[in-house]
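>>> Take a look and give me a structure for this.
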Amino acid sequence: MVDLPNQVGPMCDWPQIKVVDGALDCLKHLSLQARCHLATNAEESTEVQIRNALQRAGLSDYISQVFCRENLGVGKTDSSYYPKIISRLGVKASQVTMVGDSLERDVLAPMSAGLQGIWFNPSCQECGQDIKSVEQLTCFIS
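Numbers count the residues shown, from 1 in each chain. The predicted structure follows:
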């Protein structure tokens with residue numbers, strides 16, 4: 001989902017919720033092959049509010065678990081964020097791939113915790129590192 005400028009408070013209460021282009025098709029496809037989860041750094045939303053926003057956006061059927069500040073007790077900038085997710089999932093870190101639009105929080109941080117990371121990079125920024133990236137979420141659809 002897209003953080004819209006000038007919107008405050010929980011996303012589920014915003015007048016409009018915008019979905020990243022290709023997100024619905026991507027989740028439909030990926031959820032046939034693996035469990036999909038949401039890891040968010042949302043500061044103003046509870047897990048219930050995040051699920052409500054996912055419902056409004058038409059994405060909730062494809063998200064198994066939501067990991068957020070409320071239910072983990074920490075945000076993405078905390079080094080324990082991704083290890084806590086792995087612990088709750090009960091899997092090896094190497095079995096999890098995080099896809100996100102923040103190189104630092106969504107790719108480098110999870111990779112330092114042993115997860116795989118893919119940078120959603122629609123603006124084609126250079127990062128100077130050997131990082132997997134995609135310009136469109138539809139790249140995940142064969």
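
>>> got a list of what residue 128 touches?
Not one residue lies near residue 128 by C-beta atoms under 8 Å, 6 or more residues apart in numbering. Quick note: C-beta positions are derived from backbone N, CA and C, even for glycine.

>>> separation between the residue of the chain most remote from its centre and residue 47?
Here the chain reaches farthest from its C-alpha mean at residue 128, the gap being 22.8 Å by C-alpha atoms, centre = their mean. Residue 128 sits 36 Å away from residue 47, going by C-beta to C-beta, to the nearest Å.

>>> With residue 24 instead?
Taking C-beta to C-beta, one finds residue 24 at 21 Å from residue 47.

>>> Give me the number of neighbouring residues for residue 18.
Look at residue 18: counted by other C-beta atoms under 10 Å, it has 14 neighbours.

>>> okay, residue 136: pLDDT?
Listed pLDDT for residue 136 reads 95.

>>> before we move on, what about residue 142?
68.

>>> do residue 5 as well
87.

>>> Please identify the helix or strand for it.
Counting by DSSP states H and E, no helix or strand carries residue 5.

>>> which residues sit in contact with it?
By C-beta under 8 Å, 6+ apart, the contact set of residue 5 is empty.

>>> how about the helices in this structure?
23-30, 47-57, 69-72, 81-89, 109-112 (DSSP state H).
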